[in-house]
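> here is a sequence together with a model predicted from it:
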Amino acid sequence: MTCSVRGDVVYASGFEQPTFVTGPINGQDGWSGSGDIQSAVVQSGNQALAVDARVDIFNGATQTVSYPAVGNTIVAEVDFRQSGSENPQSGLALFGNTGFLAQLDGVGGFFALGNSDSAAFGGSIAQDTWYHLAIVLDFQTDIMTGYVDGTSFATLPINIPTLPSAITSVQLFSYQGDQTVFFDNVSVTAAAPLPVTWAGGLALLGLVGIGRGRKVRA
């Protein structure tokens, strides 16, 4: 899902060679944190990121980005798969220069869109199944929308005390549970403000690629 209004690509990767090699992601292409590039479970291409949730701590990888937030629409998305016997909290999060902004994750077997103090839940998660997750943050209306496989399931306000002037990082994470979580085709894209007549109609915009993601870069 890439916004077609302007479509500035802030960051996009499919974790492929030669940019990435198998092994820890920390230090590869600007990523920090935990997780391993592997080739056994992928959504497309030959490699994807695996994050081990089989410990009672936070695990995940963070990519620093930089793009103005004010007046823009920011889209963060990733292909996502859980594999194991439990359901950790795991998924996609986005941060700005004033702190945490939003996350779309699996919690207890269900999808959830979260802001700084609340969450809205959607459909259930099947194990060993790839899903395409997307968060659309509209800084014209200060509303964010969560999508799973191209279908919106929740909206929430972007309700942090001070709205950001810039997007600063994207994070792929997992927390607790006897599982490994896989990520592929991550991207952050920026678009021009949406016309007022389109308000509430994000699902009908023809947001290109809202289904299974295409790699923009390795």
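Nice, I can see it.
> so in the chain, where's the weakest helix or strand by average pLDDT?
Lowest mean confidence among the helices and strands of the chain (mean pLDDT, DSSP states H and E): strand 119-124, at a mean of 90.
> contacts for it, please.
The contact list for strand 119-124, computed with CB atoms under 8 Å, 6 or more residues apart in numbering, reads 107, 109-114, 146, 148, 153-156. In short, each C-beta sits where N, CA and C put it, glycine included.
> each with direction, which strands does the helix or strand following it pair with?
Moving toward the C-terminus from strand 119-124, the next helix or strand (DSSP states H and E) is strand 131-138. Using DSSP bridges, the strands paired with strand 131-138 are strand 73-84 (antiparallel), strand 143-148 (antiparallel).
> in helices only, show me the contacts of strand 119-124.
Under the assignment DSSP state H, those contribute nothing to helices.
> so which of those residues comes closest to Trp130?
Val148 (11.2 Å; CB to CB).
> got TSV for the strands paired with strand 131-138, with mean pLDDT and mean neighbour count too?
Below are the strands paired with strand 131-138 laid out as TSV (pLDDT from 0 to 100; neighbours: other CB atoms under 10 Å):
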stretch	mean pLDDT	mean neighbour count
strand 73-84	94	24
strand 143-148	96	23
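> okay, and the beta partners of the closest residue to Arg81 other than its chain neighbours?
In this structure, Arg81 finds its nearest non-sequential neighbour in Phe182, 4.3 Å apart by CB to CB, 6 or more residues apart in numbering. Here Phe182 sits in beta bridges with Ala50, Arg81, as judged by DSSP bridges.
> state the distance from Phe182 to Val51.
According to CB to CB, to the nearest Å, Phe182 stands 8 Å off from Val51.
> same check on Trp31?
Distance of Trp31 to Val51, computed by CB to CB: 12 Å.
> mutual contacts of those two, please.
Common neighbours of Trp31 and Val51, counting by CB under 8 Å, 6+ apart, are Ala61.
> still on that earlier bit, using CSV, write out every CA atom in the least confident helix or strand of the chain.
This file holds the C-alpha atoms of strand 119-124, laid out as CSV (Å, rounded to 0.1, in the frame of the first residue of the first chain):
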residue,chain,number,x,y,z
ALA,A,119,-6.4,0.4,21.3
ALA,A,120,-9.1,-0.7,18.8
PHE,A,121,-9.3,-4.4,18.0
GLY,A,122,-10.1,-6.2,14.7
GLY,A,123,-10.1,-9.7,13.3
SER,A,124,-8.3,-12.8,14.6
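> give me the angle between that strand and strand 131-138.
Relative orientation of strand 119-124 and strand 131-138, computed by axes from the mean of the first three to the mean of the last three CA atoms, to 10 degrees: 150 degrees.
> how far out from the middle of the chain is strand 119-124?
Between the centre of strand 119-124 and the centre of its chain there are 15 Å (CA atoms, centre = their mean, to the nearest Å).
> coming back round to it: kindly reformat the strands paired with strand 131-138 as TSV and extend each row with distance to Asn26.
Listed next are the strands paired with strand 131-138 as TSV, based on distance: least, CB to CB, whole Å:
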stretch	distance to Asn26
strand 73-84	18
strand 143-148	28
